[in-house]
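**Student:** Quick one: sequence plus predicted model below, questions after.
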Amino acid sequence: MEKLIIYQVFPRIFGNREKTRRKNGSLAENGAGKFSSFTAKVLSEIRKNGFTHIWYTGIIEHATQTDYTAYGIAKDHNAVVKGKAGSPYAIKDYYDVDPDLADFVPERMKEFEALIRRTHDAGMKVIIDFVPNHVARQYRSDAKPVTVQDLGEHDNVFKNFDPNNNFYYLPGQTLVLHFGAEQEDFEYSEFPARATGNDCFSPFPGRDDWYETVKLNYGIDYLHGRARHFDPIPSTWRKMLDILLFWTKKGVDGFRCDMVEMAPVEFWNWAVPRVKAERNVCFIAEVYNPALYREYLREGRFDYLYDKVGLYDTLRDVICGRKRADSITQCWQAVDDIRPHMLAFLENHDEQRIASAFFAGYAQAGFPGMIVAATLGVNPVMVYFGQELGEPGMDDEGFSGCDGRTTIFDYWSLECLQHRLNGETFDGSRLSEEQKSLCRSYAQLMCIAGSEPAIRRGAFFDLMYANAHNPFFNSQYIYAFLRKYRADVVLVVANFERATAQPVRIHIPPEAFAVLNFTDNRAAVLTDLLTGKQTVGTLTAACPFEVSVPAHSGKLLRFKYGDIESDCPEPEVIDSAWHDERSYLSSNFM
């Protein structure tokens, strides 16, 4: 299985060079990045920083307060748009792209197709969002193929539920936005009211509801015990499959699927194989219920799942001092059987920035967490644009407010990215020394994660149990493990302590040599992968391995044993190595 190294970007902000940052500013005032911002040079630089995939967030056309009627695009009512730019998850036309991102609006789809080609030419694959659960309240496709029926086009609006309806209706009731939503010369009117995207089956959605969206009907009758009506195949299933196939044929290589738990797993089981039969694209599920993880992998046919409730939450607590570093062990054990399928990250568009006052308040504090996230397994890892520059996300942009996140609702730009983007280059010449250092560290880490065989493909051995009572190993701040593939053994040590470097003596137990199948106390070429420095070293159970680990950083030390380990397990038996280790832990230390 390929180890995906994903760079998530929000194009509307990524390439925006406009320095005006007016709160609640319009497109004309604050500007927007474009598809063309991702030049061949910029994409080449992103690839050189270790990334294999780019997730372009907010590509599909969504509701906005910007008026594009001159281009044949219907205007959205301000009352059902969040922010001036609008939410990229309130899809307005599944068959079109966001006109904000085009240099020449009538050619917007051709410009996106050109971006796909440039990304592929740079050696990376393209991921976009697929939003299956809800659409903008004023959804209407003006770009759909002539053979496609629009969502809701033939709905029976006099019924709360019908398996062939695309929406849920509240017959005889008018939608009321009673919380002061921004109105225009006339109030937004919706009769009969439709259910709101977050399963609000009331005509009175609140400010905290997803009031700008309507929920799609996949054949589940929520008003009668969630009865499932999947035979014959509901209309919504077929329409959403057509949308997935449309983008697949455009050359998209993967879909990050929004809130997959809100669409039935039976739909995914039916749709995903049909898309993969067209082309082997990957499917990533935004899922938050660990009890459903295996169901969405097995029955939903997903390739990868968000590791938010487990690894993200744990690493955030360790970074912020609310948990000990050794709690990470329990985290990976909980998903041991499916770890290759868990997408690791510390930032994305939903989460607060590491450098924000709501998280760590200091960008470097997150780096040991990223070391763990990137090297713990063969699973994918993701970086959110600006994370590698220490972007704090503390702007009060407008609808988003000062919440520690980079807005997805407002027209905005990031100074750190403007300093990194210099014309068509991505060189960072105007960054501060601190930003340059952090950026180099992220690039090194991502390159290591994607190229080192032991990290990309190797087996894993957690060293925490063997050092639980080690007075020279502070398990509150230090996390250590081994990765092994053929002749290479990599010792990973992360230090979550902010103030000082940690001198560490690490016990390597005899079981590590047995499980990973390499020789105790044999000389190896020792390379510090983060600095490139080479010496001769060895690992042995006879005495601890000594290393000084910088504050809020880590060490990745590769021991190369020549060709003597060429008969070691190949990737297909990695899982058995993990299971062997856990069985050992369970029987001896748990």
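**Tutor:** Received it, and whenever you're ready, just let me know what you need.
**Student:** in the stretch 151-300 of the chain, which ranges drop under the pLDDT threshold?
**Tutor:** Scanning the stretch 151-300 of the chain with the threshold set as pLDDT under 70 gives 180-185.
**Student:** the strands in the stretch 301-450 of the chain, which residues?
**Tutor:** 304-306, 342-345, 381-384 (DSSP state E, counting those that start in this stretch).
**Student:** a markdown table for those, including distance to Asp121?
**Tutor:** Glycine gets a C-beta too; all of them are placed from N, C-alpha and C. A markdown table is the format used below for the strands of the stretch 301-450 of the chain (distance: least, Cβ to Cβ, whole Å):
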| stretch | distance to Asp121 |
| --- | --- |
| strand 304-306 | 25 |
| strand 342-345 | 25 |
| strand 381-384 | 22 |
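**Student:** quick one: the helices in the stretch 351-500 of the chain?
**Tutor:** Applying DSSP state H, counting those that start in this stretch to the stretch 351-500 of the chain gives helices spanning 367-375, 415-420, 433-451, 453-457.
**Student:** how about stretch 422-441: buried residues?
**Tutor:** Using 16 or more other Cβ atoms under 10 Å as the test for burial, stretch 422-441 gives 426, 428, 431, 435-436, 438-439, 441.
**Student:** what sits up against that stretch?
**Tutor:** The contact list for stretch 422-441, computed with Cβ atoms under 8 Å, 6 or more residues apart in numbering, reads 39, 41-42, 45-46, 363-364, 367, 388-390, 416, 419-420, 530, 553.
**Student:** hang on, the earlier thing: from the strands of the stretch 301-450 of the chain, which stretch is densest packed?
**Tutor:** strand 381-384 (a mean of 27; mean count of other Cβ atoms under 10 Å).
**Student:** Which elements pack onto that one?
**Tutor:** The contact analysis (3 or more Cβ pairs under 8 Å, 6 or more residues apart in numbering; DSSP states H and E) places strand 381-384 against strand 5-9, strand 342-345, helix 367-375, helix 433-451.
**Student:** Throw the ones you listed into CSV and include distance to Phe191 and mean pLDDT, thanks.
**Tutor:** As requested, these are exported to CSV (distance: least, Cβ to Cβ, whole Å; pLDDT from 0 to 100):
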stretch, distance to Phe191, mean pLDDT
strand 5-9, 39, 98
strand 342-345, 42, 98
helix 367-375, 48, 98
helix 433-451, 51, 96
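**Student:** can I get the ones you listed in TSV with distance to Val335?
**Tutor:** Listed next are those as TSV, based on distance: least, Cβ to Cβ, whole Å:
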stretch	distance to Val335
strand 5-9	19
strand 342-345	6
helix 367-375	14
helix 433-451	19
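**Student:** looking at those, which is closest to Tyr384?
**Tutor:** Closest of those to Tyr384 is strand 5-9, at 4.9 Å (criterion: Cβ to Cβ).
**Student:** Mind listing residues that contact the next helix or strand after that closest one?
**Tutor:** Going down the chain from strand 5-9, the next helix or strand is helix 11-14, by DSSP states H and E. For helix 11-14, contacts defined as Cβ under 8 Å, 6+ apart pick out 32-35, 37-38, 56-59, 85, 98, 100-101, 385, 406-407, 411-414, 417.
**Student:** So which of the helices and strands packed on strand 381-384 is nearest Pro106?
**Tutor:** Of those, nearest to Pro106 by Cβ to Cβ is strand 5-9, at 24.4 Å.
**Student:** That closest one vs helix 433-451, what angle?
**Tutor:** Angle, strand 5-9 to helix 433-451, by axes from the mean of the first three to the mean of the last three Cα atoms, to 10 degrees: 140 degrees.
**Student:** Given strand 5-9, what are its sheet partners and their directions?
**Tutor:** The strands that strand 5-9 pairs with in its sheet are strand 53-56 (parallel), strand 381-384 (parallel) (by DSSP bridges).
**Student:** Including mean pLDDT, could those strands go into CSV?
**Tutor:** CSV is the format used below for the strands paired with strand 5-9 (pLDDT from 0 to 100):
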stretch, mean pLDDT
strand 53-56, 98
strand 381-384, 98
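**Student:** Turn the ones you listed into a markdown table, including distance to His349.
**Tutor:** Listed next are the strands paired with strand 5-9 as a markdown table, based on distance: least, Cβ to Cβ, whole Å:
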| stretch | distance to His349 |
| --- | --- |
| strand 53-56 | 10 |
| strand 381-384 | 7 |
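**Student:** Run through the residues that contact Leu311.
**Tutor:** 328, 331-332, 342, 344, 373, 376.
**Student:** now for those, which pair is the farthest apart?
**Tutor:** Ile328 and Met342 (13.2 Å).
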